[in-house]
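Novice: With the sequence up front, the predicted model follows.
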Amino acid sequence: MAFLLVLLGFSALGGLAWLLLPAFRRYVAGGVCTSPARLDGKIVLITGANTGIGKETAWDLARRGARVILACRDVNKAESVAAEIIANTGNTDVVVRKLDLASTASIRDLAAGVNKEESALHVLINNAGVMACPYWKTEDGFEMQIGVNHFGHFLLTYLLLDILKRSSPARIVNVSSVVHKWGHINFDDLQSEKSYNGKSAYCQSKLANVLFTRELARRIHGCGVTANSLHPGVVRTELTRHNSASRILMYFLSFIFKTNKQGAQTSIHCAVAEELNTVSGLYFSDCVPAAMGSSANDKQAASHLWDISCRQLDIQWD
């Protein structure tokens, strides 16, 4: 009898969970970009646009009429995605450009091509990234996560800023993460050469994204270009490919993950929402401004990181 009561109890809980699941999924999905803005005549560049939220962002902006540049390391995969977007949106102005953010030479080649071939650039979405990978170094000797997630996008933005200014109003959108709140910029070991923890290095790189955005917004204020950062939500993308959690655990956690389309909403919002035309230096989550971690408000750290980044990349950016 007791066993039967327990079984009935579990059945009831299971039934309740099944009924509540749609509501829970809607809650997890978070904010949605409701802007109807068209981007006809606008040019957008998205890094890492051949998969995940980058792909969904590219798809949406192409649907709005923009010329979309998919800047990706895997050109073959990006070409397939471009063909898919063209076939489904009817926008034939979707192109692929080679970009390996682990190589400053590749970044410079991409930027040189854009500056030479494109008439304008209205939106730059720094979306690509690596997460919690083993200890690797980029072609230029940077620890992979700080190298790709921060230094790579820092250099790309620097090289494209002039064309963004000439195209104003223009926007820079940096995809960060809520984990920046647990990050710490280790100025004594920025490249993690003394010790390395993949998760800590990722948090550091995401904090660097927010600090860079804040300092960039301050320095370019009044030039017609805005810069904002964002948390896309907890999204199950290829970014998690180095996660060691078991398949069973990841299956159960999948109920709290956003889909790629849901995760792209805040990037899209920051790129197109009319009310953000002059908004700069903020951090967004679920399509609304959100509170940043205390370390992200450290103006001295932001300025110091800026100076170090310029020295590491051998550039002069006042």
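Specialist: In hand now; what should we look at?
Novice: so Q312, which of the three states?
Specialist: Three states are possible here, and by DSSP: H, G, I helix; E, B strand; the rest coil the one that applies to Q312 is helix.
Novice: Surely A227 is in contact with G281?
Specialist: Yes: in this structure, A227 is within contact of G281 by C-beta atoms under 8 Å, at 6.7 Å. Just so you know, the C-beta spots here come from the backbone N, C-alpha and C atoms, and that holds for glycine as well.
Novice: what touches both of the two?
Specialist: Overlap of the contact sets of A227 and G281 (by C-beta atoms under 8 Å, 6 or more residues apart in numbering) consists of T213, A217.
Novice: okay, now I125: neighbour count?
Specialist: Applying the criterion other C-beta atoms under 10 Å, we find 30 residues in the vicinity of I125.
Novice: Bridged to it, which residues?
Specialist: Residues found in beta-bridge contact with I125 (criterion: DSSP bridges) are I46, V173.
Novice: what's the pLDDT at it?
Specialist: I125 is assigned a predicted lDDT (pLDDT) of 99.
Novice: Let me know the distance separating it from E84.
Specialist: According to C-beta to C-beta, to the nearest Å, I125 and E84 sit 19 Å apart.
Novice: and if you look at R67?
Specialist: In terms of C-beta to C-beta, R67 sits 17 Å off from E84.
Novice: Comparing those two, which shows the higher neighbour count?
Specialist: Relative neighbour count places R67 above the other of R67 and E84, with 23 against 13, counting by other C-beta under 10 Å.
Novice: wait, doesn't that one sit right on D40?
Specialist: No: applying C-beta under 8 Å as the test, R67 and D40 come out as separate, 9.5 Å apart.
Novice: Just give the number of residues close to K261.
Specialist: Neighbours of K261 using other C-beta under 10 Å come to 17.
Novice: Poorly predicted segments of the stretch 1-150 of the chain, please.
Specialist: For the stretch 1-150 of the chain, residues meeting the criterion pLDDT under 70 lie at 1-29.
Novice: How about the stretch 201-318 of the chain?
Specialist: Applying pLDDT under 70 to the stretch 201-318 of the chain picks out residues 236-255.
Novice: Going along the chain, name the helices of it.
Specialist: Listed in chain order, the helices found in the stretch 201-318 of the chain under DSSP state H, counting those that start in this stretch are 247-253, 260-263, 265-272, 299-313.
Novice: Which one of these lies nearest to E56?
Specialist: Between E56 and the helices of the stretch 201-318 of the chain, the shortest separation by C-beta to C-beta is 4.8 Å, and it involves helix 260-263.
Novice: now the helices for the stretch 1-150 of the chain?
Specialist: Taking DSSP H, counting those that start in this stretch as the criterion, the stretch 1-150 of the chain carries its helices at 2-29, 52-63, 75-89, 104-117, 144-145.
Novice: centre of the chain versus the second one, how much separation?
Specialist: Taking the mean of its C-alpha atoms, helix 52-63 sits 12 Å from the chain's own mean (C-alpha atoms, centre = their mean, to the nearest Å).
Novice: what's the closest non-adjacent residue to the most centrally placed residue in the chain?
Specialist: Nearest to the mean C-alpha position of the chain, counting by C-alpha atoms, centre = their mean, stands V175 at 2.6 Å. When the adjacent residues along the chain are set aside, V175 lies closest to N127, with 4.7 Å between them (C-beta to C-beta, 6 or more residues apart in numbering).
Novice: quick revisit: who's more crowded, A227 and G281?
Specialist: Set side by side, A227 and G281 give different neighbour counts by other C-beta under 10 Å, the larger being at A227 (29 against 17).
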